[in-house]
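A.B. asks: Give me coordinates for this.
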Amino acid sequence: MRVVDEIGLKKTLKFVLYSFLQIIYRLCFLPPLRKIFLTLSGAKIGKHSILMNVNFFNWHHRGPTGLKVGNECFIGDETLIDLYDNVTLENQVTIAQRVTILTHTNVGYKDHPLQKYFPKSSKPVTFKSGCVIAASSTILPGITIGKQAFVAAGSVVTKDVPNNTLVAGVPARFVRKIK
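C.D. replies: As a prediction, the model looks like this:
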């Protein structure tokens, strides 16, 4: 099998185990159950935080231990979080519906012709206190969203967002200061 040849038996078995854990997570249909399951799996989730129907992928890399959610955070339905690297939400972060948070880039197998131009890489994503990410936005690997910053709906964030700033568009650009 190509996958076992590429990543090895140990990583393949880890993938299977974490795939099973994802099935259990999906059965936790209420936000409090999801929070308990993720906490027991190693995630750090603060008081009064709510995770709606959030989807995770690449659990077999960093896993739930790579997820840190502060107090009073909200993550909306159908948000997709890449746990290849760490994802940190400080206190009072709001992430609306259908947001995609990416922590890695990989074009495919080691012998893929584009690997030499786009080598596999990963970088953590951080959301500072009080920031808001509106619906259907995409956050790329290595991005930090500043304190009380606002990312408008449908934006693709390719650069760090300063504190107290509204950004919008594809790619997201400065719109105005907040305050």
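A.B. asks: Show me the helices in this protein, by range?
C.D. replies: Taking DSSP state H, the helices of the chain run over residues 2-7, 9-27, 31-40.
A.B. asks: Please tabulate those in JSON lines, including the columns mean neighbour count and mean pLDDT.
C.D. replies: C-beta coordinates here come from the backbone N, C-alpha and C atoms, glycine included. Shown next, in JSON lines, are the helices of the chain (neighbours: other CB atoms under 10 Å; pLDDT from 0 to 100):
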{"stretch": "helix 2-7", "mean neighbour count": "12", "mean pLDDT": "68"}
{"stretch": "helix 9-27", "mean neighbour count": "13", "mean pLDDT": "85"}
{"stretch": "helix 31-40", "mean neighbour count": "15", "mean pLDDT": "92"}
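A.B. asks: quick one, which of these is nearest to G63?
C.D. replies: helix 9-27 (6.3 Å; CB to CB).
A.B. asks: Now find how far off-centre that closest one is within its chain.
C.D. replies: How far helix 9-27 lies from its chain's middle: 18 Å, per CA atoms, centre = their mean, to the nearest Å.
A.B. asks: can I get the helices of the chain in a markdown table with distance to V170?
C.D. replies: Formatted as a markdown table, those follow (distance: least, CB to CB, whole Å):
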| stretch | distance to V170 |
| --- | --- |
| helix 2-7 | 33 |
| helix 9-27 | 30 |
| helix 31-40 | 31 |
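A.B. asks: State the mean pLDDT of stretch 118-136.
C.D. replies: Confidence for stretch 118-136, expressed as mean pLDDT, is 96.
A.B. asks: and the end-to-end length of it?
C.D. replies: Distance across stretch 118-136, first residue to last, is 25 Å (CA to CA, to the nearest Å).
A.B. asks: List the buried residues for it?
C.D. replies: Within stretch 118-136, the residues scored as buried using 16 or more other CB atoms under 10 Å are 122-135.
A.B. asks: which of these lies closest to E90?
C.D. replies: Once CB to CB is applied, the member of the buried residues of stretch 118-136 that ends up nearest E90 is S129, at 4.2 Å.
A.B. asks: wait, the closest one sits on Q148?
C.D. replies: Yes. Contact criterion CB atoms under 8 Å: S129 and Q148 qualify, at 7.4 Å.
A.B. asks: So what pairs up with the residue positioned nearest the centre of the chain in the strands?
C.D. replies: By CA atoms, centre = their mean, the chain has its centre lying nearest to I81, at 3.1 Å. Note on I81: beta-bridge partners by DSSP bridges are F56, I101.
A.B. asks: Enumerate every residue touching it.
C.D. replies: 54-57, 67, 75, 87, 101 (CB atoms under 8 Å, 6 or more residues apart in numbering).
A.B. asks: How about A152?
C.D. replies: A152 neighbours (CB under 8 Å, 6+ apart): 134, 137, 166-169, 172, 175.
A.B. asks: Good, we can wrap up now.
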